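# Fold the following, please.
(one chain, ligands or ions: 1)
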Amino acid sequence: MSTDCDVLIAGAGPAGAALACALSPLPLRVWLVDAAPPPAPGQPDRRALALGLGSQRILQGLGAWPALAPQAVPIARLEVTEKGWPGVTRMAAVDVRAPALGWVVGDRVLQRALLARVAETAVTRRAAAVTALTPRDGALDVTLSGPEGDTAVSTRLLVAADGSDSTVCRLAGLPRRARQTQDSVLLAQLRTDRPHAGTAHERFAASGPMALLPGCAAGDYTLVWTLPHERASDLAALPPQHLAPIAQEAFGWRAGKFLGLSNPRSVRLAESWLVQATGERVLAIGNAANTLHPIAAQGFNLGLRDVAAVAGLLAAAAAGQDDPGAAGLLAAYQRARQDDWRQLRQVTGWLPRLFENPAPPLAGARGLGLAALDLLAPVKRRLMTRAMGLGGAQNRLQRGRWP
Ligand SMILES: Cc1cc2nc3c(=O)[nH]c(=O)nc-3n(C[C@H](O)[C@H](O)[C@H](O)COP(=O)(O)OP(=O)(O)OC[C@H]3O[C@@H](n4cnc5c(N)ncnc54)[C@H](O)[C@@H]3O)c2cc1C
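Take a look at the predicted model:
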């Protein structure tokens, strides 16, 4: 069966671009299509992403890390606290003999770095969206709609990397489940009077969980504050000089005095995932497969592990000259990824609610729990290893060696 390509990746967001980089050294004809233009140089980031050490190793394997490293802020330690209670869990890179727990990178900086790597490869790029697909014997016929009209392309595997509202998953009939949420996140840049020294904070406050991710300058952070939707949009509409003291009151003084706050904006959250992330010659990665609450800062980390799994399976298939869209390969992908997906869905389901009840017996117990966890070194190390994306078996790409 002759086809135009072996793997067609729909969506050149960070997940699709990362997969294109991973597949580029393999003996496969790879296409990467997206109707949206790539982010222009200097276009501001929409959000800061915390990437674990596991993700950094994958980006290293993809050859994208050298361009990212100068713009990435290392997270040397993480403090998890509850406002008003003394318990604290501290996690530090030195405890696990790692260079950092993770790094903070702008989302558009990341996407640009990955697309720049793709541009150095033989991957075919098209400015078009996938708008229809028809399975036929041994291939999929895909309609691409772009500025020059519609084109028909045939592929042996179609990868849905087209984000939360995935057209490809819909066209392929992959069942999606959604979790109702009234949450938004309020994002802002924050300047404090105390150098962060690489410390990230996860603070459970009565108003909602607040994360501070360290920024490029010594006292700068990105604030990520989970709030009910209306409260988040009301606060985002305030003049920043009025919002700073409200954020300070909610967070407390653990990171110093909030000197200034800029660019507040609220982002409404949606949570959904595929019940089955594969169909006939189709598989989904990244947000198309799982769009989760950002409370654990794991969304793209999870997506990069999808990329590593697909790349590993396709490398083995290419070596054996096997069909990249074979049912067995798709089943292996679902099997390899489903536990990781399920565990993260569970954590992001209960974590935003865990600290909701401010009543003393519960809050006190949580404070004790945080303090106790701090003392339980083996448990803490296991948690850290998972959060850094280093849990479970690691394939070559996850070890930073590729292909
Ligand atoms: C507030 C917030 C904070 C976050 N913080 C973190 C964090 O700290 N750490 C972390 O790991 N993750 C974090 N995340 C999650 C992270 O942002 C996402 O997981 C990641 O951006 C998803 O990338 P993606 O490539 O899967 O999807 P997207 O970025 O949505 O890309 C999808 C692409 O597909 C294209 N497309 C759409 N339809 C089609 C079509 N029909 N055909 C072809 N192309 C199509 C789109 O144009 C787009 O370019 C956060 C998310 C939010 C909302």
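
# Can you report how many residues lie near the residue of the stretch 101-250 of the chain found nearest the ligand?
At 2.8 Å from the ligand, residue 163 is the closest residue in the stretch 101-250 of the chain, using Cβ to the nearest ligand atom. Backbone N, C-alpha and C define where each C-beta goes, glycine included. Using other Cβ atoms under 10 Å, residue 163 has 20 neighbouring residues.

# hang on, it in a helix?
No. According to DSSP: H, G, I helix; E, B strand; the rest coil, residue 163 belongs to no helix; its state is coil.

# my read: it touches residue 287, true?
Yes. Under the criterion of Cβ atoms under 8 Å, residue 163 makes contact with residue 287 at 4.7 Å.

# what do those two both touch?
residue 13 (Cβ atoms under 8 Å, 6 or more residues apart in numbering).

# where does the stretch 251-400 of the chain come near the ligand, residue by residue?
Within the stretch 251-400 of the chain, the positions near the ligand by Cβ under 6 Å from any ligand atom are 267, 286, 287, 294, 297, 298, 299, 300, 301, 303.

# Now the last one. Its backbone dihedrals?
Note on residue 303: backbone dihedrals following degrees, to the nearest 10 are phi -60, psi -40.

# Contacts only, for it.
14, 15, 18, 285, 286, 287, 289, 290.

# Over to the fourth one?
For residue 294, the contact set (Cβ under 8 Å, 6+ apart) comprises 185, 224, 269.

# Tabulate those (TSV), appending pLDDT.
As requested, the contacts of residue 294 are exported to TSV (pLDDT from 0 to 100):
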residue	pLDDT
185	97
224	97
269	97
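
# If you rank the residues you listed by neighbours, which is first?
Using other Cβ under 10 Å as the neighbour criterion, residue 185 leads the contacts of residue 294 with 25 neighbours.

# from memory that residue sits against residue 231, does it?
No. Counting by Cβ under 8 Å, residue 185 does not reach residue 231; the two are 11.3 Å apart.

# what touches both of these two?
Counting by Cβ under 8 Å, 6+ apart, nothing touches both residue 185 and residue 231.

# before we move on, back to that, just checking, which of the contacts of residue 303 belong to helices?
In helices, judged by DSSP state H, the following of these are found: 14, 15, 18, 286, 287, 289.

# Quick check: the fifth one touching residue 169?
Yep, that's residue 287 we're talking about. No. In terms of Cβ under 8 Å, residue 287 does not count as a neighbour of residue 169; the distance is 10.6 Å.

# Tell me, please, the helix or strand in the protein that averages the lowest pLDDT.
In the chain, no helix or strand scores lower on mean pLDDT, DSSP states H and E than helix 360-375, which sits at a mean of 68.

# Now the element after it, going C-ward?
helix 377-387 (DSSP states H and E).

# Mind pulling up the pLDDT for the residue most central in space within the chain?
With distances taken as Cα atoms, centre = their mean, the residue of the chain nearest its centroid is residue 300 (1.4 Å). At residue 300, the model reports a pLDDT of 98.

# Next one: the closest residue to it other than its chain neighbours from the ligand, what distance?
Nearest residue to residue 300 in three dimensions, chain neighbours excluded: residue 49, at 5.5 Å (Cβ to Cβ, 6 or more residues apart in numbering). With distances taken as Cβ to the nearest ligand atom, to the nearest Å, residue 49 is found 4 Å from the ligand.

# For residue 49, name its beta-bridge partners.
Applying DSSP bridges to residue 49 yields these beta-bridge partners: residue 105.

# cool, and residue 142?
Bridge pairing for residue 142 - DSSP bridges - gives residue 133, residue 153.

# residues contacting it?
Applying Cβ under 8 Å, 6+ apart, the residues near residue 142 are 8, 130, 132, 133, 152, 153, 154, 155, 158.

# and if we set it to 6 Å?
With contact taken as Cβ atoms under 6 Å, 6 or more residues apart in numbering, residue 142 is in contact with 8, 130, 133, 153.
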